[in-house]
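Engineer: Need a 3D model of the following:
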Amino acid sequence: MDTPKTILLVDDDKSFIESNKDLLEAYGYVVHYAYNGESGFKIAKNVHPDLIILDVMMTYDTEGFDFARKIREEPALSDNIKILLVSGITSVMKLKIKLKADGDWLPVDRIMEKPIDPAKLIEEVDNILSK
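Structural biologist: Down below sits the predicted model:
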């Protein structure tokens, strides 16, 4: 039997955490959560999740971007953890650009725009973790 995959949700929106924690657990994932990057980083170091689902705007507007870079700079975490960035920053900040993952400024594996359809989230999580 396969060991369940572990996911860390990092978002300051408690309802987002609660609903997605329940959803992911219903699909067999082990879920940890944090409401900001600082506590999320501590949890990531302790549990070494397979995937982090990460918001951008938390304690400050770019906290998620900074958190992703910090994870990638931490030798024990950098290669082992996938990051799915979920954010409404482009609509909230009325940005005319679309966020794109890259290796430096935005070192994440995938990006989804909020609000997120639960079925699409599960599909994306399954795709990321199956690779």
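Engineer: For the residue nearest the centre of the chain, give me phi and psi.
Structural biologist: Nearest residue to the geometric centre of the chain (Cα atoms, centre = their mean): residue 53, 1.7 Å. The phi/psi pair for residue 53 (degrees, to the nearest 10) reads phi -100, psi 120.
Engineer: give the contact list for it.
Structural biologist: 7, 8, 9, 10, 11, 20, 84, 86, 121, 125 (Cβ atoms under 8 Å, 6 or more residues apart in numbering). For glycine as for every other residue, the C-beta is placed from the backbone atoms N, C-alpha and C.
Engineer: Specify the beta-bridge partners of it.
Structural biologist: For residue 53, the beta-bridge partners under DSSP bridges are residue 9, residue 84.
Engineer: which of the contacts of residue 53 lies closest to residue 39?
Structural biologist: residue 10 (8.2 Å; Cβ to Cβ).
Engineer: Quickly note the distance from the residue nearest to that closest one when sequence neighbours are not counted to residue 70.
Structural biologist: Nearest residue to residue 10, sequence neighbours excluded (Cβ to Cβ, 6 or more residues apart in numbering): residue 40, at 3.7 Å. Distance of residue 40 to residue 70, computed by Cβ to Cβ, to the nearest Å: 10 Å.
Engineer: okay, these two: which has more neighbours?
Structural biologist: residue 40 (27 against 17; other Cβ atoms under 10 Å).
Engineer: residues touching the more buried one, list them.
Structural biologist: Contacts of residue 40 (Cβ under 8 Å, 6+ apart): 8, 10, 34, 52, 54, 67.
Engineer: change it to 10 Å
Structural biologist: Residue 40 is in contact with 8-11, 32-34, 49, 52, 54-55, 58, 63-64, 67, 70-71, counting by Cβ atoms under 10 Å, 6 or more residues apart in numbering.
Engineer: Could you do residue 16 as well?
Structural biologist: Each residue near residue 16 by Cβ under 10 Å, 6+ apart is listed here: 9, 33, 53, 55, 86, 114, 115, 116.
Engineer: secondary structure element for it?
Structural biologist: Per DSSP states H and E, residue 16 falls inside helix 14-26.
Engineer: Thank you, goodbye.
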